[in-house]
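Chemist: Below are the sequence and a predicted model for it; my questions follow.
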Amino acid sequence: MNKETCECGHKNPYGTYLCESCGKPLKEDGRLANMRYEGVARRSQTYKRSVVDKVWNFFSSVKVGIWIIVLILVTSSIGTLFPQEMYIPPGEDPSLYYAQEYGILGQLYYDLGFHNLYSSWWYMLLIAALGISLVIASLDRFVPLYRALKKQRVTRHAAFMKKQRVYGEGLSSNADLESVKDKLKSKRYKVREENGNLLAEKGRFARWGPYVNHIGLIIFLIGGMLRFFPGMYLDDYVWIREGETEVISGTDGEYFVENNEFLVELYDDQNEDIFQEALMREDAPVVSNYQTNASLYKRAEGGSIGSETELEHVKDHEIRVNEPLTFEGISLYQVDYKINELSNFTFTLESETADEDQLEEVVFNVDLNDPQMYYDYDNGYQVEIIEYFPNFYVSDDGEPMTMNRVPDNPRIIFEVFPPDTDPETDTGEISMIGVQVNEALNEGHEHRISMQDVELVDVTGLTVRRDHTLPIIIVGGSIFMVGLIQGSYWHHRRIWIQQKDGRMLVAGHANKNWHALKNDIAFISEGTNLPEVHDQLDEEEKIEEDKSKMSEGGSR
Amino acid sequence: MKKKRLWMRTTILLVMLAAIGYTFYNHFSEERGLVDQGDEAPNFVLEDMEGERVELSDLQGQGVYMNFWATYCTYCRDKMQVLNDHYEEYEEMGVKVLNINVDETTLQVERHQQRYDLDFDLYIDRNMLVGNAYGVGVLPSVYLVDDQGEVKERQVGGKTEEQVIDALDSLVPEN
């Protein structure tokens, strides 16, 4: 790698546009100097060496970074066209659902993995690539830029001055440099002087805005990444029937929650209050509160897991929407409920032939979450439950089965033994009972089972959430905003004034808002006889315009 | 200077690569159970249908074939048929078969035992305490615990008779 030596004697890295020391253009390109990154060599762009350098240079490229962002934007938006897998109706087979619902496009969507886009490996790789690109591209630009701005000299090469966009020159004798300095200071410029040359500078910190912004973004991404680290993030679900206790996942079986009662409260539409008008507009009653009265338990120290687990009461809490039960960084939120799950059936026997008084005694309760096997009565009746299916269906082989443990569609097969039969040897009257189902499964029934009562229970659905990444994400987001404001509402302005061979050169540079810079120069020129400045870019455009006008005129 | 830069770049790239690699590992290795190969099997106590208690730590010195099952799981049914045919011979060789039901009603478990003529004891994991501690999701889930109390393997899903017998063979203590 060759150093490029400027005529001022400074050795610049290969690829430098403007000498780091005096600012003399080292490459001839155009009338105006390329002031981007102060004309320093962005090292990664100027040479290629080992594999590490090649990888580094790839991610350092802004072009690559933009492409990554575009890819993320496009794929993210495609992911919103059809619902993600977790939002399709529960129990649906995704391999069939997308094709059925959305046709060929749906099938394609599924085949390409868009149904699980945001956790697919290639989407995560894109995000990771964005993170790497942010780190490397920022480092590669920030370090040289910081060095160049930190070390900039007051006296610049005349060619540097002439190649600035805002430039003017004139005789130096008339100018009143002292009042120029005062005027610059009144505009809150920082003024440095060296051999009668001036450098006035303002708002340099705005140049760090993009880098602060990137730091915020990187912290934000790190926060998101930490969700995949063990113990940092948990998002689970638990259904609890009233009166039951369930283990809280993510606590290693240490904590349990009991649902004492679940409530849905409605607004009273007779009551005179501020919501009255809105409530009247609704046809259905409006819910004012969903609430689970919960108790938290902890497994006793030293106890083993399983049937000998002893629970110690920790606390009671009324869980409402946005009022979670919180312990050790875990919060239980009210998110769902199921009213009226079947929990208990009460049956009696009816018969046309048997003795009424005897039948009256035969009342049996079936707890659908823990049914009893036999029911014996003093008068000789015996009822046996042969089979119980909490969530009944008939399998492909024609076999009666249960889908799971939830009594959503309970079927019970009873065998009733009247007093004159012997349960050991005889076959009783077998029938299958469910909701609106009462089928005799063998011949010669003299009794009929009748459902007298149904007990229902409410089930609460709680989200179990732990998120230690949230503070990091908030910090990242805040830094992001600070950087954005820093870079947007301030801008870096510089004015150089130089005297050389009896002439005075004035040049100005702003990284944006040139208008304000020109105003500032106009302000300091007033009454100080500073040479008039021109915007060389405007002039260039004007020349171009004139040229094109002339050619148009010529062709006419 | 050049060396220093190369070293810096390599370090930064490696740190980022490690962080991303670890994230991917965590995200895509969900196949690994909460308790899996090489882990110490968490101790537990369960009761069978007659209230007889069994504690895992009491079974040290024996291989343990822990089978989490449900009546509504067809693969479990096939597997338990195979286990029922072989459990006695392996018990003599020092392998204990524990069939642990995932919190169904006693009635269902008992009827299931009668219907399929299962001779061994069936345990019910009330409230899924043991299942949760072991991270049981899909049924059947089998944990092969060796005579030192260490998990040798976690097997999820249906298995052929041959595979079940291989698993039992692998649990026979060496001495």
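Modeler: Looks like it came in fine.
Chemist: List the contacts of A:Glu361.
Modeler: When contacts are counted by C-beta atoms under 8 Å, 6 or more residues apart in numbering or on different chains, A:Glu361 is found next to A:Tyr377, A:Asp378, A:Asn379, A:Tyr381. To be clear about C-beta, it is placed using only N, CA and C from the backbone, and glycine gets the same treatment.
Chemist: what two of those residues are the furthest from one another?
Modeler: A:Asp378 and A:Tyr381 (8.8 Å; C-beta to C-beta).
Chemist: and these two? which has more neighbours close in?
Modeler: Between A:Asp378 and A:Tyr381, counted using other C-beta atoms under 10 Å in any protein chain shown, the more crowded position is A:Tyr381 (21 against 7).
Chemist: quick check, B:Ser57 in a helix?
Modeler: Yes: assignment of B:Ser57 by DSSP: H, G, I helix; E, B strand; the rest coil places it within a helix.
Chemist: Apart from its chain neighbours, what residue comes closest to it?
Modeler: On the basis of C-beta to C-beta, 6 or more residues apart in numbering or on different chains, the spatially nearest residue to B:Ser57 that is not a chain neighbour turns out to be B:Asn43, at 4.9 Å.
Chemist: same check, this time on B:Tyr72
Modeler: Once chain neighbours are set aside, the closest to B:Tyr72 by C-beta to C-beta, 6+ apart is A:Thr402, at 4.8 Å.
Chemist: Secondary structure class of A:Ser179, three-state.
Modeler: Once three-state DSSP is applied, A:Ser179 turns out helix.
Chemist: Show the contacting residues for it.
Modeler: The neighbours of A:Ser179, taking C-beta under 8 Å, 6+ apart as the test, are A:Gly527, A:Thr528.
Chemist: One more pass at 6 Å, please.
Modeler: For A:Ser179, the contact set (C-beta atoms under 6 Å, 6 or more residues apart in numbering or on different chains) comprises A:Thr528.
Chemist: And it, how far from chain B?
Modeler: Computed as C-beta to the nearest C-beta, to the nearest Å, the A:Ser179 to chain B distance reads 47 Å.
Chemist: for A:Met124, same thing?
Modeler: Using C-beta to the nearest C-beta, one obtains 7 Å as the distance from A:Met124 to chain B.
Chemist: Against which helices or strands is the one helix or strand that residue maps to packed?
Modeler: Element membership of A:Met124, judged by DSSP states H and E, is helix A:121-150. Other helices and strands packing on helix A:121-150, by 3 or more C-beta pairs under 6 Å, 6 or more residues apart in numbering or on different chains; DSSP states H and E, are helix A:51-60, helix A:62-78, helix A:209-226.
Chemist: buried ones in it?
Modeler: Neighbour counts over helix A:121-150 (16 or more other C-beta atoms under 10 Å in any protein chain shown) mark A:123-124, A:126-142, A:144-145, A:148-149 as buried.
Chemist: and the closest residue in space to A:Ser343 that isn't next to it in sequence, what is it in contact with?
Modeler: Using C-beta to C-beta, 6+ apart and skipping the chain neighbours, the partner closest in space to A:Ser343 is A:Val457 (4.1 Å). For A:Val457, the contact set (C-beta under 6 Å, 6+ apart) comprises A:Arg241, A:Glu242, A:Glu341, A:Ser343.
Chemist: Columns secondary structure, neighbour count and pLDDT on top of those residues, output as JSON lines?
Modeler: Formatted as JSON lines, those follow (DSSP: H, G, I helix; E, B strand; the rest coil; neighbours: other C-beta atoms under 10 Å in any protein chain shown; pLDDT from 0 to 100):
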{"residue": "A:Arg241", "secondary structure": "strand", "neighbour count": "19", "pLDDT": "88"}
{"residue": "A:Glu242", "secondary structure": "coil", "neighbour count": "18", "pLDDT": "88"}
{"residue": "A:Glu341", "secondary structure": "strand", "neighbour count": "17", "pLDDT": "85"}
{"residue": "A:Ser343", "secondary structure": "strand", "neighbour count": "20", "pLDDT": "86"}
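Chemist: Now distance to A:Gly103 too, for these, in CSV please.
Modeler: What follows is the contacts of A:Val457, written out as CSV (distance: C-beta to C-beta, whole Å):
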residue, distance to A:Gly103
A:Arg241, 41
A:Glu242, 44
A:Glu341, 37
A:Ser343, 43
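Chemist: okay, now residue 7: neighbour count?
Modeler: All of this is about chain A. Residues lying near A:Glu7 (other C-beta under 10 Å) number 11.
Chemist: actually chain B
Modeler: B:Trp7 is flanked by 11 other residues according to other C-beta under 10 Å.
Chemist: So it belongs to a helix, correct?
Modeler: Yes: note on B:Trp7: a helix contains this position according to three-state DSSP.
Chemist: Check the helices and strands packed on helix A:121-150 for me and report the most buried one.
Modeler: Each of the helices and strands packed on helix A:121-150 was assessed for mean neighbour count using mean count of other C-beta atoms under 10 Å in any protein chain shown. The highest is helix A:209-226, with a mean of 20.
Chemist: for the record, mean pLDDT for that helix?
Modeler: Across helix A:209-226, pLDDT averages out at 94.
Chemist: can it be found next to chain B?
Modeler: Yes: judged by C-beta under 6 Å from any C-beta of the partner chain, helix A:209-226 and chain B are in contact via A:Met225.
Chemist: So what touches stretch B:27-46?
Modeler: Counting contacts by C-beta under 6 Å, 6+ apart, the residues outside stretch B:27-46 that touch it are A:228, A:304-308, B:53-57, B:123, B:130, B:133-135, B:145, B:149-151, B:153-154.
Chemist: Only whichever of the residues you listed are buried, select them in PyMOL.
Modeler: A single PyMOL command suffices to select whichever of the contacts of stretch B:27-46 are buried according to 16+ other C-beta under 10 Å:
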select buried, (chain A and resi 228+304+305+306+307) or (chain B and resi 54+56+123+130+133+134+145+149+151+154)
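Chemist: And the lowest mean pLDDT element among the helices and strands of the chain?
Modeler: Assuming you mean chain A. Within chain A, judged by mean pLDDT, DSSP states H and E, the helix or strand with the poorest mean is helix A:43-46; its value is a mean of 58.
Chemist: not quite, I wanted chain B
Modeler: Scoring the helices and strands of chain B by mean pLDDT, DSSP H and E places helix B:129-134 at the bottom, with a mean of 81.
Chemist: is any part of that helix close to chain A?
Modeler: Yes: residues of helix B:129-134 contacting chain A under C-beta under 6 Å from any C-beta: B:Leu129, B:Val130, B:Asn132, B:Ala133.
Chemist: list the contacts for the last one?
Modeler: This points to B:Ala133. For B:Ala133, the residues meeting the contact criterion (C-beta under 6 Å, 6+ apart) are A:Gly253, A:Ile305, B:Pro42.
Chemist: quick one: which of those is nearest A:Glu85?
Modeler: For A:Glu85, the closest of the contacts of B:Ala133 turns out to be A:Gly253, at 28.7 Å, with distances computed as C-beta to C-beta.
Chemist: how much space between the closest one and chain B?
Modeler: Per C-beta to the nearest C-beta, A:Gly253 is found 5 Å from chain B.
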